[in-house]
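Novice: I need the structure of the sequence given here:
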Amino acid sequence: MTNLILHKSNSRGHANHGWLNAHHSFSFANYQHPDRVHFGALRVLNDDIVAPGMGFGAHPHDNMEIVTIPLRGALEHKDSTGRNEVIRTNDVQIMSAGSGIRHSEYNASKSEDVNLLQIWVFPKQRNIEPRYEQKTFNPADRINKFQTVVSPITAEGGVWINQDAWFSLAQIEAGQSIQYDLHKAGNGVYFFVIDGSVEIEEQQLDKRDALGLTPDAPIALKAKTGTTVLAIEVPMQLN
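Specialist: The predicted structure is shown next:
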């Protein structure tokens, strides 16, 4: 086991703009930390709460795989390809910015906030045609096991990503143990605890804590309480 990093929830970057309350696991905007620039191909993991009716105006991206996972509420997405979608809890959205795209994201509700994870991954191929995909996943299919929601292999059921990367969600019942197996040798995996309390590699992780490592064997996760965890598996070497 190598390259183990522990990111406690309270060590993340934080910016509260009133309409946006954001926590950054990696350097982003005004939060810059020399030891937290990326974990392999994982570049950004932002935990955002957006006030009712507010959001991010149209802005550009290129050559980045951008995954959005709403945890609570609904997010309205518009982009320069003409897409206009609403992303809700249990949905996963991916946008390959590729050669260049503009998009906006707003809270779809005028009365309730929205909490979302936005995750950026460096692409495998640069300057591809911009693309968008969104899919709804059944939470019953992740109880005490990992459910693939993002993958480079469409047959695995997740939304497609332009990288040798896999995102998996699990809801682990208190006292239960499951294991995570790498999809590709040499990759690393970054576990982010959405809710609950879990032990991974003798490390106690609570809500919004994270652990990144490069495993050489399956990783055991044992839930102390009912726990929801996101596993982000990415190449550790950048192209």
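Novice: check contacts around Pro218.
Specialist: Residues counted as contacts of Pro218 (C-beta atoms under 8 Å, 6 or more residues apart in numbering) are 179-181. For every residue, glycine as well, the C-beta is placed using N, CA and C.
Novice: can you get me a residue count around Lys224?
Specialist: 15 (other C-beta atoms under 10 Å).
Novice: show me the shaky parts of the chain.
Specialist: 1-2 (pLDDT under 70).
Novice: hang on, the earlier thing: turn the contacts of Pro218 into JSON lines, including distance to Lys110.
Specialist: Shown next, in JSON lines, are the contacts of Pro218 (distance: C-beta to C-beta, whole Å):
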{"residue": "Gln179", "distance to Lys110": "43"}
{"residue": "Tyr180", "distance to Lys110": "39"}
{"residue": "Asp181", "distance to Lys110": "44"}
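Novice: what's the closest of the residues you listed to Ile69?
Specialist: Tyr180 (17.7 Å; C-beta to C-beta).
Novice: burial of the closest one, as a residue count?
Specialist: Tyr180 has 20 nearby residues by other C-beta under 10 Å.
Novice: start the count at 7, not 1, going forward
Specialist: Fine by me, first position is 7 from now on; the one you just mentioned is Tyr186.
Novice: any idea how far it is from Asn245?
Specialist: As judged by C-beta to C-beta, to the nearest Å, Tyr186 and Asn245 stand 25 Å apart.
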